[in-house]
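Novice: Coordinates for the following, if possible.
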Amino acid sequence: WRENLVRLDDLPYITKVHSLPEMAAGKRVKLEVKKVDTLLMELECKFLGVDEDKTDSVAIEEDQV
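Specialist: Okay, here's the model as predicted:
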């Protein structure tokens, strides 16, 4: 269940990103939000790449490993 989880910066929210490749925990990634379901409180996101800039990004959950 913990595979492909990301924690969003500045929001108390963790979501699963199915297109996220396997990588070390703690990496910051860029995502595209494809769909927002406010009723079920779900996000559908697409992995865009690893963020080297560290601004406007999310971090992969450390307990994912």
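
Novice: Quick check: pLDDT value at E62.
Specialist: For E62, the pLDDT comes out at 56.

Novice: actually D9, sorry about that
Specialist: Looking at D9, the pLDDT reads 87.

Novice: K35 too?
Specialist: 96.

Novice: so how many other residues sit close to it?
Specialist: By the measure other Cβ atoms under 10 Å, the count of residues near K35 is 9. (Glycine included, C-beta is placed from N, CA and C.)

Novice: and the helix or strand where it lies, which strands flank it?
Specialist: Using DSSP states H and E, K35 maps to strand 28-37. According to DSSP bridges, strand 28-37 forms sheet pairs with strand 42-50 (antiparallel), strand 58-60 (antiparallel).

Novice: hey, least reliable of these by pLDDT?
Specialist: Across those, strand 58-60 gives the lowest mean pLDDT, at a mean of 60.

Novice: Could you give me the buried positions within the strand holding K35?
Specialist: Neighbour-count burial for strand 28-37 flags 28-29, 31 (criterion: 16 or more other Cβ atoms under 10 Å).

Novice: so how far is it off the chain centroid?
Specialist: 7 Å (Cα atoms, centre = their mean, to the nearest Å).

Novice: ok, of the buried residues of strand 28-37, which one's closest to P21?
Specialist: For the buried residues of strand 28-37, the minimum distance to P21 (Cβ to Cβ) is 9.4 Å, reached by V29.

Novice: Quickly list what that closest one is bridged to.
Specialist: Note on V29: beta-bridge partners by DSSP bridges are V50, V58.

Novice: Do I have it right that it meets T15?
Specialist: No - the criterion here is Cβ atoms under 8 Å, and V29 misses it with T15 at 11.8 Å.

Novice: Now for these two: what residues contact both?
Specialist: Common contact partners of V29 and T15 (Cβ atoms under 8 Å, 6 or more residues apart in numbering): V6.

Novice: any idea how far the residue nearest to K30 when sequence neighbours are not counted lies from M41?
Specialist: Nearest residue to K30 in three dimensions, chain neighbours excluded: L48, at 4.2 Å (Cβ to Cβ, 6 or more residues apart in numbering). L48 sits 23 Å away from M41, going by Cβ to Cβ, to the nearest Å.
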